[in-house]
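In: Following is a predicted model, sequence given first.
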Amino acid sequence: MSHTPIHDILEAVRDGRMTPEAAAQALAPAGYADVGYAKVDLHRRRRQGVPEVVYCPGKTPEQVAGILRVLDQAGQNLLATRATPEVYEHVKREIDGLEYNATGRLMWKITTAPKARRGVVQVVSAGTSDIPVAEEAAGVAEFLGNPVRRTFDAGVAGVHRLFDSLEEIRQARVLVVVAGMEGALASVVGGLVSCPVIAVPTSIGYGANFGGLSALLGMLNSCSCNVAVVNIDNGFGAGVLASLINAE
């Protein structure tokens, strides 16, 4: 019999990590908990393989804490993106065991270890300024159970730096390539490897970069056929897609 999220819930009740009331709520047909300012999706992992993730900008620290508290009481793993240090300082007082990656702006708590992936996700950034988005992608992939390697500051302005890591990069199951300016790194990497490349344009660059639009268009126009593109600065989406690819 295959192991499903329902098994995880039943095991959490058996082990005392979830109350029967929380389990009943998680298995309810509605599949969400209405806390007034949010309808917290308790069935998203069952549908998509990834639990609901909290995007922090635009929410008060109290709202972030409230949503995460509902997910925590339901025995789910917690992940919040774009969390400032101030938000983390507030939320950690209410959520035991919460961890924080300041560079990637991620908060998380693992209650049930995710299924370990065998392949490696390699995250490559063009410049140091791209590292926050690259680290978001790397941290999300790790949260979902993937071994992750990082190659930072290896852009085309000094492409020999990329070649120094090429043997390791070619061993990855899937690549996430993060670049601003003109976004050329994704095409260069795509032409050197046989695995899927998820390109992440960033808003890093001078005026004609148009807040990442030039990098986005450059990546969309890549002549490397193994390159797919997510939205500007969307390290989270890249990390999730990389994990889904690595799960196959």
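Out: Arrived safely.
In: Residue 180 - how many residues pack around it?
Out: Counted by other Cβ atoms under 10 Å, the residues lying close to residue 180 total 27. No exception for glycine: its C-beta is placed from N, CA and C like everyone else's.
In: helix/strand/coil for the residue nearest to it when sequence neighbours are not counted?
Out: Nearest in space to residue 180, with sequence neighbours left out and distances taken as Cβ to Cβ, 6 or more residues apart in numbering, is residue 204 at 3.0 Å. When the structure is reduced to helix, strand and coil (DSSP: H, G, I helix; E, B strand; the rest coil), residue 204 reads as coil.
In: cool, and residue 141?
Out: helix.
In: Tell me how many other residues surround it.
Out: By other Cβ under 10 Å, neighbour count at residue 141 equals 27.
In: Residue 149 now?
Out: Residue 149 is flanked by 16 other residues according to other Cβ under 10 Å.
In: Now do the host helix or strand of it: which elements does it pack against?
Out: In this structure, residue 149 is located in strand 148-151 according to DSSP states H and E. Strand 148-151 sits against strand 121-125, helix 131-143, helix 166-169, with contacts defined as 3 or more Cβ pairs under 8 Å, 6 or more residues apart in numbering; DSSP states H and E.
In: Out of those, flag the one nearest residue 220.
Out: With Cβ to Cβ as the measure, helix 131-143 is the member of these nearest residue 220 (17.3 Å).
In: which non-adjacent residue is nearest the residue nearest the centre of the chain?
Out: If you average the C-alpha coordinates of the chain and look for the closest C-alpha using Cα atoms, centre = their mean, you land on residue 140, 2.8 Å from that point. Using Cβ to Cβ, 6+ apart and skipping the chain neighbours, the partner closest in space to residue 140 is residue 239 (2.9 Å).
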